[in-house]
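**Q** quick one: sequence and predicted model below, then my questions.
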Amino acid sequence: MRPHRFLTATACAAALTVLPLAPARAQQGNLRERLEARGLPAELVDGVAAAAAEAEARGLPTDPLADRALEGWAKRVPTARILSVVRQFVGRMGEARETLRTTGLSAPAGDLVAAAAEAMSRGMNAAQVADVVRAAPASPSAAPSLRVATALSAQGMEMDQAVSVVAEAMHNRRGVEQILDLPSMMRAMQARGMTPPEIGNQLRLGGGPGGPGSVLRPGAGPGARRPGPLGTGPGAGRPPNQRPPRVTPGTL
Amino acid sequence: MSRHGFTPDEQRYLDGGPHGDVSGAGRAAADALVRAAEAYRDSIPDVGARLDAAVLGAVRARPRRARRPWRWAVDGRVRPLWIPLAAAAAAAVVWLGVPRVPAPSSSPVAAVRVADTVFVQFRLAAPAARTAAVAGSFNGWDPESVPMVRDADGAWVVTLPLPLGEHRYQFVVDGTVWRPDPTAPAQVDDGYGGTNSVIVVGPKGLVRT
Amino acid sequence: MRSVTFGSVSESRDGTGRPTDGSLVRAAQGGDADAFGVLVERSRRDFGRYAVAMLGDADAAADAMQEAFIRAWDALEDCRDPDRFRSWFFRILANQCRTALRRRHPAIAVDDVEVAAPDRADAAAERSELAARIDAALSTLTPEQCEAFVMKHVEGRSYDEMVALLGVSDDALKMRVYRARDALRGLLGDAR
């Protein structure tokens, strides 16, 4: 039944629209179906499927091809251009896999091949890819590390330095989660006026945005973390389908 | 009557129509009920004219076609919610204890973490836009499945739960104009002659500068 | 001023010169969000009190109304009689309110309601206490009774209006209202 009191006020600084989102990799289904479901024309679907068939035959992942095709189609890029990009990426993935093999991985996982190919498209060279991958204690952290390095580079850090920041972090036993925090930390430091080289040095020394004294919890794995200001306790955030508790302005 | 209640005449009296004898305790009770209802009516807060703008914003993002916005696989239902700023929303801005530098354009992307997904708020200032949406690696670049709505300040906003890791995206204005996010931390070539905005969602969320 | 629509003749403005609901609905069906916005404003004024009284909470009422407006927008082609948009919309809203009511936790007993005892017996304090008691008492009614009482005594609608809005027979509505009154009399007591 209805609650028995009116609330005195509504605290609403912004109208938030929260939409639940299906996981990006939820559609593991047939590549053709995935493209057709989005209305891609037959010619384009055929072309991508052909490229995917080649990739598959070579033992390379095909999801990134569909992703690129969907992106191009959504952006109204002409079919020929999309196919050119897709085919080119197949070639990149082949190169990436070769590079990964030089690090000792005889059968690198599809996601890692894709991440390496992506990183190489963004300017990381083979040696740098190898550096990151060799520093990864276990394969699963290699792919995110590559992406973090390219993100740092996209934020203005020299690729060499970005790679060594990430490699260093892994050598120091930082977990994937901490590595994923690096781009945000860089941004925070940029906001304080630090230059990318300064930031790179600080991050390599294990310092956080607060200076050398604030460290990245050296040696601590994810389980040892204290909940930060967000924490994961009550009130930290709610899945979109639950009604959040209502607050009055004074409590914010 | 053996139970608390009004006689048929008292009910008709309360209906405001012709009635028989109504007096004494029954009448007093009926009058009291009416008075109480009036007092209650006068105490009811207004639902607020702000609702109009919120609805209009939500409706503008839903062009009138038979097609429905894409559905969340588990819930089977997607709808914008006018959520008063409560715990989840209050945490939509992430502060890492970093002193805040007043910047002319603050980051539009702010985030809150719950387990391995982070609620990320996307924000776009586009006053002339009729519709706005986000499209990116997290939704197959679909320009229609994540509509944004205007908040009280007129900015376009939407909050999404995103898994940890890298995400690339652009805004799509008026259905066809693709724009990167001017205040995202990183921009990269999309391979098609355009630029994608990049965010890396870590467990602490994203830093708002 | 009359405007002629293909296939039929309809009024687009009422006696005071404002656009009629019907003309706004037709425009909105064609995709005119601003026309829908006017309907939203009018409907909110008409039914906002109902929603707040039903749900006991302005926030919940706003949520329910927003949801109802969005559903109305999505299903606008189902509004067969555009001139009676508000009745059609009301059904959607009433549905939302009833659903919201069912989802809530059970009502608290009226006795548990803490109503500040007035230190002086002034009219304002008394009215505020009465309002609080009704508020609490409504929580104990079924959604249908609550709705009927709210429409009759809080909104002050006639039975005819209620029949038109709810699509329920006059007799059935009276039964709900009578039961609600009986329940409330019992809860409020015969004091004052």
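**A** Structure received.

**Q** contacts for the helix or strand where residue B:34 lies next, please.
**A** Element membership for residue B:34 (DSSP states H and E) is helix B:24-43. By Cβ atoms under 8 Å, 6 or more residues apart in numbering or on different chains, the residues outside helix B:24-43 that reach it are A:6, B:6-7, B:10, B:13-14, B:22, C:49, C:53, C:127-128, C:130-131, C:133-135, C:149, C:153-156, C:181, C:184-185, C:188, C:190-192. The C-beta positions use only the backbone N, C-alpha and C, and glycine is treated the same way.

**Q** narrow those residues to those in helices?
**A** Judged by DSSP state H, those include B:10, B:13-14, C:49, C:53, C:127-128, C:130-131, C:133-135, C:149, C:181, C:184-185, C:188 as members of helices.

**Q** near chain A, which of these show up?
**A** residue C:135 (Cβ under 8 Å from any Cβ of the partner chain).

**Q** on that earlier part again, among the contacts of helix B:24-43, which ones are buried?
**A** Among these, those classed as buried by neighbour count (16 or more other Cβ atoms under 10 Å in any protein chain shown) are A:6, B:6, B:10, B:13-14, B:22, C:49, C:53, C:127-128, C:130-131, C:133-135, C:149, C:153-155, C:181, C:184-185, C:188.

**Q** strands of chain A, start to end?
**A** A:207-208, A:211-215 (DSSP state E).

**Q** could you do chain C as well?
**A** Under DSSP E, chain C gives strands at C:2-5, C:8-11.

**Q** comparing these by mean pLDDT, which bottoms out?
**A** When the strands of chain C are ranked by mean pLDDT, strand C:2-5 comes last with a mean of 30.

**Q** helices of chain B, start to end?
**A** B:8-15, B:24-43, B:50-60, B:87-90.

**Q** pLDDT score assigned to residue A:185?
**A** For residue A:185, the model assigns a pLDDT of 91.

**Q** was I right about it contacting residue A:203?
**A** Yes - using Cβ atoms under 8 Å, residue A:185 is in contact with residue A:203, at 6.8 Å.

**Q** how many neighbours does residue C:171 have?
**A** The burial count assigned to residue C:171 is 10, neighbours taken as other Cβ atoms under 10 Å in any protein chain shown.

**Q** now do the same contact list for residue C:73.
**A** B:59, B:62, B:64, C:28, C:36.

**Q** what pLDDT is listed against it?
**A** 92.

**Q** how far away is it from residue B:146?
**A** Counting by Cβ to Cβ, to the nearest Å, the separation of residue C:73 from residue B:146 is 18 Å.

**Q** ok, now residue B:176?
**A** As judged by Cβ to Cβ, residue B:176 and residue B:146 stand 16 Å apart.

**Q** when these two are compared, which one has more neighbours?
**A** residue B:146 (26 against 10).

**Q** and the helices in the stretch 151-252 of chain A?
**A** In the stretch 151-252 of chain A, the helices defined using DSSP state H, counting those that start in this stretch lie at A:159-171, A:176-180, A:182-191, A:196-204.

**Q** which one of the ones you listed is the most hemmed in?
**A** Compared across the helices of the stretch 151-252 of chain A, helix A:182-191 shows the largest average neighbour count, a mean of 25 (mean count of other Cβ atoms under 10 Å in any protein chain shown).

**Q** so what does that helix touch, helix or strand wise?
**A** When contacts are defined as 3 or more Cβ pairs under 8 Å, 6 or more residues apart in numbering or on different chains; DSSP states H and E, helix A:182-191 packs onto helix A:139-154, helix A:159-171, helix A:196-204, strand B:195-201.

**Q** and the longest one with helix A:182-191, angle?
**A** Put plainly, it is helix A:139-154. Per axes from the mean of the first three to the mean of the last three Cα atoms, to 10 degrees, the angle that helix A:139-154 makes with helix A:182-191 is 20 degrees.

**Q** on that earlier part again, so which of the helices and strands packed on helix A:182-191 gets nearest residue C:78?
**A** strand B:195-201 (39.7 Å; Cβ to Cβ).

**Q** neighbours around residue B:167, how many?
**A** Quick note: residue B:167 (other Cβ under 10 Å) scores 23 neighbours.

**Q** got it, and residue C:163?
**A** Residue C:163 has 16 nearby residues by other Cβ under 10 Å.

**Q** any idea how far residue A:190 is from the closest residue to it other than its chain neighbours?
**A** Leaving out its chain neighbours, the residue that sits closest to residue C:163 by Cβ to Cβ, 6 or more residues apart in numbering or on different chains is residue C:170, at 5.5 Å. As defined by Cβ to Cβ, residue C:170 lies at a distance of 71 Å from residue A:190.

**Q** how is chain C carved up into domains?
**A** The record's domain parsing of chain C by automatic domain parsing lists C:1-105, C:115-192.

**Q** save those domains as JSON lines, and put in distance to residue B:52 too.
**A** Below are the domains of chain C laid out as JSON lines (distance: least, Cβ to Cβ, whole Å):
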{"stretch": "domain C:1-105", "distance to residue B:52": "5"}
{"stretch": "domain C:115-192", "distance to residue B:52": "20"}
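
**Q** mind listing what the most centrally placed residue in chain C touches?
**A** Relative to the mean C-alpha position of chain C, the nearest C-alpha, by Cα atoms, centre = their mean, is the one of residue C:50, at 3.0 Å. In this structure, residue C:50 makes contact with C:93, C:97, C:147, C:150, C:151, C:154, C:155, judged by Cβ under 8 Å, 6+ apart.

**Q** point out where chain C drops to low pLDDT.
**A** Along chain C, the model assigns pLDDT under 70 to residues C:1-11, C:102-121, C:189-192.

**Q** tell me which stretches of it form helices.
**A** Secondary structure of chain C (DSSP H): helices at C:21-29, C:33-55, C:58-74, C:85-103, C:123-138, C:143-149, C:159-166, C:170-188.

**Q** how near is the closest residue to residue B:45 other than its chain neighbours to residue C:149?
**A** Spatial nearest neighbour of residue B:45, excluding adjacent residues (Cβ to Cβ, 6+ apart): residue C:58 at 4.7 Å. Separation of residue C:58 from residue C:149 (Cβ to Cβ): 19 Å.
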